[in-house]
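Sharing a model that was predicted from the sequence below.
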Amino acid sequence: MFSRIFVRETPEGMASRAARAIQKKIMENNEKKIPTVLGLATGSTPEPLYKELIRLHKEENLDFSLVITFNLDEYWGLEANHSQSYNYYMHHHLFDHVNIKKENIHMLDGTVPLELIEEHAKKYEEQIKEVGGIDIQILGLGVNGHIGFNEPGSSLDSKTRLIKLDDKTRDANQRFFKSKDEVPTHAITMGIGTILQNSKACYLIATGPAKADIIAALYAASSPNEDIPATALYAHKDVRIMLDKEAASKLPSSVKPIKSLVSESIYAPKTSVALQFFPVSEHSSSINLTQ
């Protein structure tokens with residue numbers, strides 16, 4: 001069971017919660033003149049998060065000049081300038097709007113020939129290690145429980161690699177293409193092991209009613225298992241689950257809402273041990289649980 005689950009009324013509220021935590025880390029590291037390394041996800045769920053980070057840059061002068069990024073995955077077979085490539089997505093939704101340095105952006109290449117993918121993936125892993133790992137890894141959640149493009153059945157110690165996409169994943173992503181036939185059948189993705197071993201903190205974000213079932217299944221799982229790849233996060237020391245109200249709608253009744261200082265719901269698990277909950281503002285980075 002995850003002990004830190006945060007629920008906001010809307011996707012924008014969830015995005016604000018995550019963005020403030022990222023802002024705090026960037027500002028702390030900027031003060032020390034050291035890089036902040038972010039692992040980034042794509043899809044519709046992170047869009048409000050990136051919009052809020054852009055706002056923080058433009059309105060609150062959040063400085064991205066020392067930020068280094070690594071993206072989780074990329075469709076194999078799409079050029080970087082394809083409108084549905086994740087390279088295009090990241091520039092459109094974040095990079096083109098903040099002062100990040102081009103050389104600090106790391107993306108997997110969807111045009112790498114099959115025979116060179118292993119070498120490309122190994123180099124990507126080495127680049128992550130060279131910068132000391134990832135400070136905050138943003139993770140979306142597939143309806144089948146995938147993180148990155150690590151589909152069910154992926155080894156919990158898997159590395160960056162080429163993977164065949166599950167039909168459920170392609171069905172879910174069909175809305176971004178003209179037809180399912182245009183949805184790539186393969187992707188290059190960071191592995192589960194890559195994420196667990198190189199990320200200092202993981203923020204799993206999910207919004208909308210379509211994610212309610214898998215969030216409930218993830219919450220109910222007692223240990224990591226390959227059938228639901230996101231359960232691998234049980235093995236990580238710092239995981240924060242950030243949801244909107246709809247994604248949290250099928251969590252059990254034992255998960256009680258707690259009002260924050262900004263009058264938005266935060267859900268946290270009720271256990272047999274009495275827990276004291278402190279109200280959390282959008283500016284704080286975690287919920288305090290004191291037994």
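Sure thing, it's come through.

What's the first helix or strand after the one helix or strand Gln137 maps to?
For Gln137, the element it lies in under DSSP states H and E is strand 136-139. Note on strand 136-139: by DSSP H and E, the next helix or strand toward the C-terminus is strand 161-164.

Give the buried residues for that following strand.
Judged by neighbour count (16 or more other CB atoms under 10 Å), strand 161-164 contains these buried residues: Arg161, Leu162, Ile163. Bear in mind the C-beta positions are built from the backbone N, C-alpha and C, glycine included.

What of stretch 172-183?
Across stretch 172-183, burial judged by 16+ other CB under 10 Å covers Ala172, Asn173, Val183.

For Leu139, give me its contacts.
Listed by CB atoms under 8 Å, 6 or more residues apart in numbering, the contact partners of Leu139 are Gly39, Ala41, Leu72, Ile147, Gly148, Ile195, Cys202, Tyr203, Leu204, Ile205, Ala230, Leu233.

mind running it again at 7 Å?
Leu139 makes contact with Ala41, Ile147, Cys202, Tyr203, Leu204 under the criterion CB atoms under 7 Å, 6 or more residues apart in numbering.

mind checking pLDDT for it?
For Leu139, the model assigns a pLDDT of 98.

Enumerate the beta-bridge partners assigned to it.
Beta-bridge partners of Leu139, counted by DSSP bridges, are Leu204.

Out of the contacts of Leu139, flag the one nearest to Glu118.
Checking the contacts of Leu139 against Glu118 with CB to CB, the nearest one is Ile147 at 21.5 Å.

That closest one contacts Thr231, doesn't it?
No. Using CB atoms under 7 Å, Ile147 makes no contact with Thr231, being 9.7 Å away.

Who has more neighbours out of the two?
Under the neighbour definition other CB atoms under 10 Å, Ile147 and Thr231 were set side by side, and Ile147 has more, 27 against 21.

Now do the same contact list for the more buried one.
Shown in contact with Ile147 (CB under 7 Å, 6+ apart): Leu139, Leu141, Ile195, Pro229, Ala230.

at 10 Å instead, please
Contact analysis of Ile147 by CB atoms under 10 Å, 6 or more residues apart in numbering lists 41, 72-73, 137, 139-141, 154, 189-190, 192, 195, 202, 204, 228-233.

same thing with Ile34?
So, once contact is read as CB under 10 Å, 6+ apart, Ile34 ends up touching Glu28, Leu66, Gly132, Asp135.

Swap in 8 Å and give it another go.
Applying CB under 8 Å, 6+ apart, one finds that Ile34 lies in contact with Leu66.

For it, which phi and psi angles does the backbone take?
Main-chain dihedrals, Ile34, degrees, to the nearest 10: phi -120, psi 150.

Distance of it relative to Cys202?
Separation of Ile34 from Cys202 (CB to CB, to the nearest Å): 20 Å.

Go through stretch 158-171 and flag the buried ones.
Going by 16+ other CB under 10 Å, stretch 158-171 has these buried residues: Ser158, Lys159, Thr160, Arg161, Leu162, Ile163, Leu165, Asp166, Thr169, Arg170.

Would you map the helices across the stretch 1-150 of the chain?
Along the stretch 1-150 of the chain, the segments classed as helices by DSSP state H, counting those that start in this stretch run 11-32, 47-60, 86-93, 117-130.

what packs against the shortest one?
For helix 86-93, the elements it packs on are helix 47-60, strand 67-71, strand 73-75, judged by 3 or more CB pairs under 8 Å, 6 or more residues apart in numbering; DSSP states H and E.

what's next to the last one, contact-wise?
Which is strand 73-75. The contact list for strand 73-75 (CB under 8 Å, 6+ apart) reads 42, 84-87, 107-110, 148-149, 184, 186-190.
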